[in-house]
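Undergrad: Here you go, sequence then predicted model.
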Amino acid sequence: MKFARMTFASLALAMLLLPAVLRAGEFPKELFYPLDENQQAKLDALVGKPAPEMKLTDWKNGEVTSADMKGKVVVVDIWATWCGPCIASIPHNNELMEKYGEKGLIVLGVCSSNRGQEKMEQVVEAKGIKYPVAKDASLQAQKDWSVMFYPTYAVVDRAGKVRAIGLTPNGVETVVQKLIEETVTASAD
């Protein structure tokens, strides 16, 4: 009886920790921002689930619809116009789109924050953003993606599921490479 209780308790604990273990097991933790337990739990709750729908406005560089994202790997960059690291990441986002676009990647910039969205068009022009960008005017995407810091990067796989969220700008390409290769391998079978 004592063994059964310990086994049940161990199983219950494993079920609670499984999302964090899977995330840590799939991608190295160095690719992500270091977060406290509560912050991590909010982001981990999105992993493995369908990407939240987004109602975005004022598109630049072309609108991206749910139909456009079907079967694609999607990098969602939730950023703010006043955020230095967000602005510094723009050239890398452009490079990602150029390097992997023909392999099925979409980079989607979501300009969020309760201040600075009115400057989005100026930033797109001044910084040479080449990928689609839109405003999160209602801040619903910010809420649905559990944004706690800028930039917040998420990567969605071709099945439409969130595979990683909370990546540092330097961690994004490693995840993209894996998901692009994963798809090529799967379609080759």
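TA: Noted; the coordinates are in hand.

Undergrad: Next, count neighbours for the nearest residue to Trp59 once chain neighbours are set aside.
TA: Distances taken as Cβ to Cβ, 6 or more residues apart in numbering put Ala134 closest to Trp59, at 4.6 Å, once the chain neighbours are dropped. C-beta here means a position set from N, CA and C on the backbone, and glycine is covered the same way. The number of residues packed near Ala134 is 22, by other Cβ atoms under 10 Å.

Undergrad: and if you look at Glu30?
TA: Glu30: 10 neighbours (other Cβ under 10 Å).

Undergrad: Return the residues in contact with the closest residue to it other than its chain neighbours.
TA: Closest residue to Glu30 apart from its sequence neighbours, by Cβ to Cβ, 6+ apart: Gly171 at 7.3 Å. Gly171 sits next to Phe27, Glu30, Leu31, Phe32, Tyr153, Ala164 when contact means Cβ atoms under 8 Å, 6 or more residues apart in numbering.

Undergrad: same question, Gly104
TA: Gly104 neighbours (Cβ under 8 Å, 6+ apart): Gly71, Lys72, Val73, Arg158, Ile180, Thr183.

Undergrad: Can you tell me how far the nearest residue to Lys103 once chain neighbours are set aside is from Val107?
TA: Closest residue to Lys103 apart from its sequence neighbours, by Cβ to Cβ, 6+ apart: Ile180 at 5.0 Å. Distance of Ile180 to Val107, computed by Cβ to Cβ, to the nearest Å: 13 Å.

Undergrad: repeat for Tyr153
TA: 10 Å.

Undergrad: what do those two both touch?
TA: Val75, Asp77.

Undergrad: tell me which element the residue most central in space within the chain is part of?
TA: Closest to where the C-alpha atoms of the chain average out (Cα atoms, centre = their mean) is Ala154, at 0.6 Å. Using DSSP states H and E, Ala154 sits within strand 152-156.

Undergrad: May I see the contacts of Gly104 arranged in JSON lines, with pLDDT and neighbour count as well?
TA: Converted to JSON lines, those look like this (pLDDT from 0 to 100; neighbours: other Cβ atoms under 10 Å):
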{"residue": "Gly71", "pLDDT": "96", "neighbour count": "12"}
{"residue": "Lys72", "pLDDT": "97", "neighbour count": "20"}
{"residue": "Val73", "pLDDT": "98", "neighbour count": "24"}
{"residue": "Arg158", "pLDDT": "96", "neighbour count": "19"}
{"residue": "Ile180", "pLDDT": "96", "neighbour count": "18"}
{"residue": "Thr183", "pLDDT": "61", "neighbour count": "18"}
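
Undergrad: Can you name the two of these that sit furthest apart?
TA: Largest separation among the contacts of Gly104 by Cβ to Cβ: Gly71 and Ile180, giving 12.2 Å.

Undergrad: Strands along this protein, start to end?
TA: 57-60, 73-79, 105-111, 133-135, 152-156, 162-167 (DSSP state E).

Undergrad: Dump these into a markdown table; add distance to Gln117 as well.
TA: Formatted as a markdown table, the strands of the chain follow (distance: least, Cβ to Cβ, whole Å):
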| stretch | distance to Gln117 |
| --- | --- |
| strand 57-60 | 8 |
| strand 73-79 | 11 |
| strand 105-111 | 6 |
| strand 133-135 | 5 |
| strand 152-156 | 15 |
| strand 162-167 | 21 |
